[in-house]
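Here's my sequence, what's the structure:
(2 chains)
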Amino acid sequence: MSLDAAPSSHFIKEIILEDLKTGKYQGRVHTRFPPEPNGYLHIGHAKSICLNFGLAKEFGGLCNLRFDDTNPTKEEVEYVESIKEDVRWLGFSWDDREFYTSNYFKNLFDFAVQLIIKGKAYVCDLTADEVRAYRGTLTEPGKESPYRRRTVEENLDLFSRMRAGEFPEGSRTLRAKIDMAHPNINMRDPIMYRILKASHHRTGERWCIYPSYDYAHGQSDSLEGITHSICTLEFEDHRPLYDWFLDALGIHHPQQIEFARLNLTYTVMSKRKLLKLVQEGYVSGWDDPRMPTISGLRRRGYTPEALRNFCERIGVAKSNSVVDIALLEHCLREDLNRRAQRVMAVLRPLKVVIDNYPAALVEELPAVNNPEDRSRGTRNVPFSKILYIEKDDFREDPPKKFYRLAPGREVRLRYGYFITCVGVIKDEKTGEIRELHCTYDPETRGGDSPDGRKVKATLHWVSAAQAVEAEIRLFDHLFLKPVPEDVEEGDFTQVLNPNSLVTLTGCKIEPGLAKAEPGMLFQFERQGYFSLDPVVSREGRQAFNRSVPLKDSWAKIEKSKKE
RNA sequence: UGGGGUGUCGUCAAGCGGUAAGACACGGGUCUUUGGAACCCGCAUUCGGAGGUUCGAAUCCUCCCACCCCAGCCA
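Predicted coordinates for the structure are as follows:
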């Protein structure tokens, strides 16, 4: 059984298969992942990464990593580094094909000169406001710029002076000469170059004119020999323009294919919204474990395998959709179930004294490391007279279907003994349960009863004397609503989940966990999957993040009883 | 009222004229030293709507409806 879902077919593969059959690109498949280094990658990007790198791999082709850095006012090296780390972590390699649109600034400039010579581009002196006014509206055609009829010579001269820095920022642009009455607004003489006196993170002060996305993207694809240029739906309207430049230049012509971006329930996905959460302090940073960023998911304890599997399962299509976050969680559980080391940890400790257990005795009892993989063997956990169990595992007045510990009831301590509750000690004033007194059956060592006696529940526990204390962070959905943007008033911050992070201190964990390190995958039995938080943890004060809880059918019963 | 898209189960999503895959979710059950996992069963007589073509339509045609994207010198 392989963890990765069988690659499913989708419309992009069909297009590629067809192109392969007809020999459209001499049997080549070459894709690219083109992030703009102006923010951190999120799970929506993961979909695109898996698609582009996955397609290349499946068809024996290549996928380039290309930073689309045409806007120096928004881009930074910090983002470049984080993007590379995230793509690598996801399990993909671009070898030496790390490119930057800024590598092509000279090529793009030369292409622009060619277009000017062909009479297909001109320097326009209209201001930004005027350009907008001249563009017309969705339903009305635009007007031609008064500068549209400049001669080739004049355009050439002006364009080279734009490059030389002779004109102030925003004073002129280079525009494609297409059709101001075109029903597609993108075709109404789009801007190819703007003057930006900004320092670029790669080219420094070398340029003061920068190409627009529309002008740069197709030509960059062409220069790299890309065959299939995959992007999201909102660029569908730009495809005629993408094609227009390539045709006008008569160079290698990749085909642009659009697919629907990923949306997930109970979270937001746009860089703008994510940035707002970070900047306004709703989360601790881009890598907050509640964020849908790749760095956040990684810190939370997600695995690349789970993410890749998820991306495979959601499919690739063109309809706007919102994927249930339960599928993401399912993919994580599925992966972690096979891999995670089982361990016992008590999140909300309740003291238990085993009355008939020798006070001085400490036994080392073997516990299975992973029932899904017996080759992982066993470890020993200490058992003694004073233990902690989970508060939730005891009810003085147990409701129907509650199988756990209650007065007079016998349950099993996992890998330990059968115990029976014989006493409850409460705080005189508050009535709060302070500790439980139990007796154990020495014959049930390890958790088996020689007489075949059954018990309805098995509890996890930790021996008090040997327990290590830790902080445990429980995460829930960041938002209360499946679609956070769907609010009557205000914005998505109105429906932030106040309980998306619950920090528990004084948790009692199995002594072996003291050696836990970030990146190690654990299942705290009967609770969920956890891993050490690499940021918050400190020497002597470990903090574990709950990556995802285990399915809990008891919680479901309780919930349905309340409703 | 311009242009470009999309509409198949609660949510994704196959389907490409031969009689509605699969997954998640949900419900029920078996098993269980995790109320986990695993396993079994159930879950769209119907494909946005209405007509039409055809022996046969989710698939073809016509009209209609709904939703998404576009008027950055952002990508």
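
Now A:Leu332: phi and psi?
Here is the backbone geometry of A:Leu332 (degrees, to the nearest 10): phi -70, psi -50.

Contacts only, for it.
Counting by CB atoms under 8 Å, 6 or more residues apart in numbering, A:Leu332 makes contact with A:Gly301, A:Tyr302, A:Thr303, A:Ala306, A:Tyr529, A:Ser547, A:Val548. In this view, the C-beta of every residue, glycine as well, is placed from N, C-alpha and C.

Leaving out sequence neighbours, find the closest residue to it.
Distances taken as CB to CB, 6 or more residues apart in numbering put A:Ala306 closest to A:Leu332, at 4.4 Å, once the chain neighbours are dropped.

I figured that neighbour was touching A:Asn337, is that so?
No - under the criterion of CB atoms under 8 Å, A:Ala306 is not in contact with A:Asn337, lying 10.7 Å apart.

Neighbour count for these two, which is higher?
When A:Ala306 is set against A:Asn337 and neighbours are counted by other CB atoms under 10 Å, the residue ahead is A:Ala306, at 24 against 15.

how distant is whatever helix or strand the more buried one lives in from the center of its chain?
Assessed by DSSP states H and E, A:Ala306 sits inside helix A:304-314. Relative to the chain's own centre, helix A:304-314 is displaced by 11 Å; criterion: CA atoms, centre = their mean, to the nearest Å.

what do you get for stretch A:9-16?
For stretch A:9-16, the distance to the chain centre is 25 Å (CA atoms, centre = their mean).

buried stuff in that stretch?
Buried positions in stretch A:9-16, judged by neighbour count with 16 or more other CB atoms under 10 Å: A:Ile12, A:Lys13, A:Ile16.

contacting residues around it?
By CB under 8 Å, 6+ apart, stretch A:9-16 touches A:29, A:51, A:55, A:58-59, A:228, A:230, A:255, A:257, A:259, A:315-318.

Rebuild those residues as CSV, extending it with neighbour count.
Below are the contacts of stretch A:9-16 laid out as CSV (neighbours: other CB atoms under 10 Å):
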residue, neighbour count
A:Val29, 20
A:Leu51, 21
A:Leu55, 22
A:Glu58, 12
A:Phe59, 20
A:His228, 25
A:Ile230, 24
A:Gln255, 19
A:Ile257, 19
A:Phe259, 20
A:Gly315, 15
A:Val316, 23
A:Ala317, 12
A:Lys318, 14
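
What about those, which are in helices?
Those of these mapping onto helices are A:Leu51, A:Leu55, A:Glu58, per DSSP state H.

Give me the number of neighbouring residues for the residue in chain A that RNA strand B sits nearest to.
For chain A, the residue closest to RNA strand B is A:Gly447, as judged by CB to the nearest atom of the strand, at 2.1 Å. The tally of other residues near A:Gly447 (other CB under 10 Å) stands at 16.

my guess is it contacts A:Val411, does it?
No - using CB under 8 Å as the test, A:Gly447 is too far from A:Val411 to be in contact (10.5 Å).

can you list contacts of the least confident helix or strand in chain A by mean pLDDT?
When each helix and strand of chain A is scored by mean pLDDT, DSSP states H and E, helix A:553-562 comes last, with a mean of 88. Applying CB under 8 Å, 6+ apart, the external contacts of helix A:553-562 come out as A:Pro399, A:Lys401, A:Phe402.

ok, 10 Å please
A:Asp392, A:Pro399, A:Lys400, A:Lys401, A:Phe402, A:Tyr403, A:Arg404, A:Ala457, A:Arg526, A:Pro549, A:Asp552 (CB atoms under 10 Å, 6 or more residues apart in numbering).

does that helix come close to RNA strand B?
Yes - Helix A:553-562 reaches RNA strand B (CB under 7 Å from any atom of the strand) through A:Ser553, A:Trp554, A:Lys556, A:Ile557, A:Ser560.

if we can go back for a sec, quickly list what's touching both of A:Gly447 and A:Val411.
By CB under 10 Å, 6+ apart, the residues touching both A:Gly447 and A:Val411 are A:Phe418, A:Val455, A:Thr458.

who are the neighbours in contact with the second one?
If I follow you right, that is A:Val455. Applying CB under 10 Å, 6+ apart, the residues contacting A:Val455 are A:Tyr403, A:Arg409, A:Glu410, A:Val411, A:Arg412, A:Phe418, A:Ile419, A:Thr420, A:Thr444, A:Gly447, A:Ser449.

from what I can see the last one touches A:Arg412, true?
In this case it means A:Ser449. Yes - at 8.5 Å, A:Ser449 counts as touching A:Arg412 under the criterion of CB atoms under 10 Å.

and these two? which has more neighbours close in?
With neighbours defined as other CB under 10 Å, A:Ser449 and A:Arg412 compare such that A:Arg412 has more, 21 against 15.

on that earlier part again, for A:Ser449 and A:Arg412, list the residues in contact with both.
A:Phe418, A:Asp441, A:Val455.

check contacts around the second one.
If I follow you right, that is A:Asp441. Under the criterion of CB under 10 Å, 6+ apart, the neighbours of A:Asp441 are A:Asn356, A:Glu410, A:Arg412, A:Tyr417, A:Phe418, A:Ile419, A:Thr420, A:Ser449, A:Pro450, A:Asp451, A:Arg453.

Settle this for me: A:Phe544 is touching A:Gly301, isn't it.
Yes - in this structure, A:Phe544 is within contact of A:Gly301 by CB under 10 Å, at 8.9 Å.

what residues do those two have in common as contacts?
Residues within reach of A:Phe544 and of A:Gly301 at once, by CB under 10 Å, 6+ apart, are A:Phe522, A:Phe530, A:Ser531, A:Leu532, A:Asp533.

Pick the one among the residues you listed closest to A:Val346.
Nearest to A:Val346, judged by CB to CB, of those is A:Phe530 at 12.8 Å.

before we move on, which element is the closest one in?
Assigned by DSSP H and E, A:Phe530 falls in strand A:528-532.

Which other helices and strands does that strand contact?
Applying 3 or more CB pairs under 10 Å, 6 or more residues apart in numbering; DSSP states H and E, one finds that strand A:528-532 contacts helix A:294-300, helix A:325-339, strand A:468-475, strand A:522-524, strand A:542-549.

picking that back up, quick check, nearest of the residues of helix A:553-562 next to RNA strand B to A:Ala216?
Distances from A:Ala216 to the residues of helix A:553-562 next to RNA strand B, taken by CB to CB, are shortest for A:Lys556, at 52.5 Å.

A:Arg149 is in what secondary structure piece?
Counting by DSSP H and E, A:Arg149 is found in no helix or strand.

Skipping its backbone neighbours, what lies nearest it in space?
With CB to CB, 6+ apart, the residue lying closest to A:Arg149 is A:Tyr122, at 8.0 Å.

Burial check on the one you found, number of neighbours?
Neighbours around A:Tyr122, by other CB under 10 Å: 25.

what's the next secondary structure element after the helix or strand hosting it?
Element membership for A:Tyr122, per DSSP H and E: strand A:121-124. Scanning forward in sequence from strand A:121-124 by DSSP H and E, the next helix or strand is helix A:128-134.

and that following helix with RNA strand B, contact?
Yes - Helix A:128-134 reaches RNA strand B (CB under 7 Å from any atom of the strand) through A:Ala128, A:Val131, A:Arg132.

same check, this time on stretch A:369-388
Yes - counting by CB under 7 Å from any atom of the strand, RNA strand B is contacted by stretch A:369-388 at A:Asn370, A:Pro371, A:Glu372.

Please apply the same query to stretch A:271-281.
No - counting by CB under 7 Å from any atom of the strand, RNA strand B has no neighbours in stretch A:271-281; the shortest distance is 8.1 Å.
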